[in-house]
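Asks: Build me a model from this:
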Amino acid sequence: MAGHSKPVGSMELGDHLCLFFDSEAERRSVMAAYVRDGVRAGHKVIYISDAVPGRDVAAWLANRADTGPDTVGPPQDDDGFDFAAALEAGHFVVRTAEETFLASGRFDPDESLELMATEIDLALVQGYPGVRIAGEARFSLRRWPGTERHGDFERMLDQVFMTTDLKAMAICQFDRRWFDEVRLAELEAGHMGRVRADDHYDDGALRITPTFAPPGAALAGVLDAATSPAAEKVLASVASTAGLLCLDLGGLTRCDEAGLRLLADADLPGLGANRGLLLRGAAPELAGRLRESGLLARSGVAVVERTG
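Replies: The predicted structure is shown next:
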């Protein structure tokens, strides 16, 4: 499924976007940034949990599985943001899907919209300049009474966002592994667009975006002598955290000799025997140049050409 997507860090009040994800790492990356940016902007953040138990949301966002009584330190992400402190202060609130959508014993789109409106109004009265809502949508597959109208709810909510000057934004989360493509297309039609993880780098000439399944990065634009130094720093950081590194080259429009040298060294063999490098989506001409570079002679390296 292809469509317009906005980096989560670029979201604005009035946005109603959907997140289609393939892995928990991808979802956590987007949601952690959404919550962290919201609290730092002074917004009230309301997270509606389902797949992740409400009591574990803060630790999950911080990517902390060691949440027992002997855990040292608060649940913080790599940026040092303390999700638990935000919860305690009330700037970040977690609700369950049951209490949010089944308050009357069944899912009712009108009631759910009224509840969200009440939450938004309350936050604004409390002095917050804006409200961020994030909801997990897997509950809609459980056949709870009324959940067959979940698509209606998304369309109604989207209409409210498009026709009202709401001081709020929302992300609805859909796991591709649970929803089929037909259903996802229908749900996407009930949103203004998609949201994605923030870019690693974007200078207008080259954009490097994180990928999660498989882990790595997608490069789009021009990889040349001017952009290679910045790209090298980003790729070194990405490679240090991934056993298999996948670089999607499908968006590259030009790659000069400096860019080719960078890609030829991207496997970073010094990181260990488990290092693997997959260069996929390469244009035939670029794939040929990569082969000529001797890259494929190295163990664990593969190049997959772009098709079509």
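Asks: Please, where are all the strands along the stretch 201-308 of the chain?
Replies: Counting by DSSP state E, counting those that start in this stretch, the stretch 201-308 of the chain has strands at residues 201-202, 206-212, 215-223, 244-255, 276-282, 301-305.
Asks: Let me know which of the ones you listed is the nearest to residue 173.
Replies: Residue 173 lies closest to strand 206-212 among those, at 14.0 Å (Cβ to Cβ). To be clear about C-beta, it is placed using only N, CA and C from the backbone, and glycine gets the same treatment.
Asks: Quick check: which helices or strands does the closest one pack against?
Replies: Taking 3 or more Cβ pairs under 8 Å, 6 or more residues apart in numbering; DSSP states H and E as contact, the helices and strands that strand 206-212 lies on are helix 24-40, strand 201-202, strand 215-223, helix 228-239, strand 244-255.
Asks: ok, and what's touching that strand?
Replies: 21-23, 25-26, 29, 196-202, 216-223, 227, 230-231, 234-235, 238, 246, 248, 251 (Cβ atoms under 8 Å, 6 or more residues apart in numbering).
Asks: Parallel or antiparallel, list what pairs with it.
Replies: Paired with strand 206-212 in the same sheet, following DSSP bridges, are strand 201-202 (antiparallel), strand 215-223 (antiparallel).
Asks: Alpha carbons of it, as CSV, please.
Replies: Taking Å, rounded to 0.1, in the frame of the first residue of the first chain, the C-alpha atoms of strand 206-212 are listed here in CSV:
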residue,chain,number,x,y,z
LEU,A,206,19.0,13.2,0.5
ARG,A,207,16.5,11.7,2.9
ILE,A,208,17.4,8.7,5.1
THR,A,209,14.4,7.1,6.8
PRO,A,210,14.4,4.2,9.3
THR,A,211,13.0,0.8,8.3
PHE,A,212,12.0,-1.9,10.7
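Asks: That strand: which residues count as buried?
Replies: With burial defined by 16 or more other Cβ atoms under 10 Å, the residues of strand 206-212 counted as buried are 206, 207, 208, 209, 210, 211, 212.
Asks: any idea how far residue 5 is from the fifth one?
Replies: With the distance defined as Cβ to Cβ, to the nearest Å, residue 210 ends up 13 Å from residue 5.
Asks: returning to what we had before: okay, the strands of the stretch 201-308 of the chain in a markdown table with mean pLDDT and distance to residue 150 next?
Replies: Putting those into a markdown table (pLDDT from 0 to 100; distance: least, Cβ to Cβ, whole Å) gives the following:
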| stretch | mean pLDDT | distance to residue 150 |
| --- | --- | --- |
| strand 201-202 | 94 | 34 |
| strand 206-212 | 93 | 25 |
| strand 215-223 | 94 | 31 |
| strand 244-255 | 91 | 32 |
| strand 276-282 | 88 | 34 |
| strand 301-305 | 85 | 37 |
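Asks: what about stretch 50-63, start to end distance?
Replies: Start and end residues of stretch 50-63 are separated by 17 Å (Cα to Cα, to the nearest Å).
Asks: Now it: average pLDDT?
Replies: Across stretch 50-63, the average pLDDT comes to 86.
Asks: in it, what's buried?
Replies: For stretch 50-63, by 16+ other Cβ under 10 Å, it's 50, 52, 54, 57, 58, 59, 60, 61, 62.
Asks: Check what contacts it and list those residues.
Replies: Outside stretch 50-63, the residues touching it (Cβ under 8 Å, 6+ apart) are 28, 31-32, 35, 47, 49, 65, 67, 75-77, 81, 83-84, 86-87, 92, 94-97, 136-139, 175.
Asks: what's the lowest-mean-pLDDT helix or strand in the chain in contact with?
Replies: Within the chain, confidence by mean pLDDT, DSSP states H and E is lowest for helix 97-101 among all helices and strands, at a mean of 83. By Cβ under 8 Å, 6+ apart, the list of residues contacting helix 97-101 from outside reads 48, 49, 50, 107, 112, 115, 135, 136, 139, 144.
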